[in-house]
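Visitor: this is the structure alone, sequence omitted:
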């Protein structure tokens, strides 16, 4: 029994999902008998490149009137659909690029059409052609025989030689939208007489990532279980329940560390890998960002600013690559804690360090024109800092309170403390550029760090202090 994506292949251009910019040009060229001799179809996999190439082969050999080609029903169209038309040759360039294949290609290109129509060569994955095969193809494209049509399909057009690109009419196929895919899936479910919830089909469309063929393959898996519900779709696709992901995101936004980790552990125990949880949580935060910016109206609502959502997404995306080395619950917990630190560094860290009570050991604060409208963010400062300044800033615990930034160094990072003090002017300039010249900056050591003063500061302090008689 043929797979759904094979059964659902379009018989006419009108049945092709999306790609209007390609269909309109080809249909017009067919009707006016102005087709070129070589076409290049490029784009992601599963979006209709090979299907459109077959339809073009059907059209040039169709027995219907030009304005109705391809009809999909005549003897020639049926032969192309069945893959048995003698004048339509499909080759996979990845497995047909040897010297013998090139010789065979040269010999067959010059043959006349067996049925008196147009010979069509469809080269899939054309970027995989060897140098010899590319040279043979180029010779044919330069001096094409009469009644010969080449259609090259590829996912990587940049790998094709420029000499071949310049001799083809190039059409770029786009990824299909979730709405287009969901509508086609609903049509297939109706034809199969299987009820399906719209939210379930939307879930399948999202998982397909713009590829109609992938969506049809996923739908085939769901049709075997009968009625397609949202829950059934999540289970069949191996996706974490959306409601639990939203709950995880809400605990993240609320800085509820205990609930966040316990919910993550529960999902881990249910068999979801940390990498898939990290990825799907990233997508949930992206939906929240889209909703907050007005791009989509139905995303989750989280108590996070756009900047916080962006930092959280960036952090999770960085952590995703680390799961290749380690994919356990601890790795997931570390990733979540790192996200929490990007949202509220001062809150997430365990305790506030005690500052130095000795005024000589505590450097004086630097005042930068306080203003009620000042906005300061530690992560923004780090992202804007130069490599050296950022390295000296990183070990500090940052406490951002309105328009006041306090950097506290532990005793183990005395060197970083001293170097940042020497770069005080550079830090002030950074704060001005990020926060708008309206902040107070304090650099201090912890109670254990009374020796954090540089030797020069200590000598100046001893020299300036009054001596006892």
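Guide: It's in. These numbers were taken from a predicted model, which means no experiment stands behind them.

Visitor: can you map out the helices along the stretch 51-200 of the chain?
Guide: For the stretch 51-200 of the chain, applying DSSP state H, counting those that start in this stretch gives helices covering 75-82, 99-109, 131-142, 162-165, 178-191, 198-208.

Visitor: for the longest one, name the packing helices and strands.
Guide: Same thing as helix 178-191. When contacts are defined as 3 or more Cβ pairs under 8 Å, 6 or more residues apart in numbering; DSSP states H and E, helix 178-191 sits against helix 198-208, helix 212-223. Every C-beta, even on glycine, is put in place using the N, C-alpha and C of the backbone.

Visitor: what's the angle between that helix and helix 212-223?
Guide: Helix 178-191 runs at 40 degrees relative to helix 212-223, counting by axes from the mean of the first three to the mean of the last three Cα atoms, to 10 degrees.

Visitor: flag every buried residue along helix 178-191.
Guide: Burial within helix 178-191, assessed by neighbour count using 16 or more other Cβ atoms under 10 Å, is assigned to 178, 180, 181, 182, 184, 185, 188, 189.

Visitor: again with stretch 271-278
Guide: Neighbour count says stretch 271-278 has 272, 273, 274, 275, 276, 277, 278 buried, by 16+ other Cβ under 10 Å.

Visitor: and these as TSV, adding secondary structure?
Guide: Listed next are the buried residues of stretch 271-278 as TSV, based on DSSP: H, G, I helix; E, B strand; the rest coil:
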residue	secondary structure
272	coil
273	coil
274	helix
275	helix
276	helix
277	helix
278	helix
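
Visitor: and which of those is nearest to residue 61?
Guide: Using Cβ to Cβ, residue 276 comes nearest to residue 61 of the buried residues of stretch 271-278, at 46.9 Å.

Visitor: quick check: the gap between that closest one and residue 33.
Guide: Separation of residue 276 from residue 33 (Cβ to Cβ, to the nearest Å) stands at 52 Å.

Visitor: in contact with the closest residue to residue 91 other than its chain neighbours, which residues?
Guide: Of all residues beyond its chain neighbours, the one nearest residue 91 is residue 123 (5.4 Å), with distances taken as Cβ to Cβ, 6 or more residues apart in numbering. Applying Cβ atoms under 8 Å, 6 or more residues apart in numbering to residue 123 gives the contacts 91, 93, 129, 137, 150, 151, 152, 153.

Visitor: go with 10 Å
Guide: Residue 123 sits next to 40, 53, 89-93, 96, 105, 129, 133, 137, 150-154 when contact means Cβ atoms under 10 Å, 6 or more residues apart in numbering.

Visitor: could you identify the most distant pair in the buried residues of stretch 271-278?
Guide: Farthest pair in the buried residues of stretch 271-278, by Cβ to Cβ: 272 and 278, 10.2 Å.
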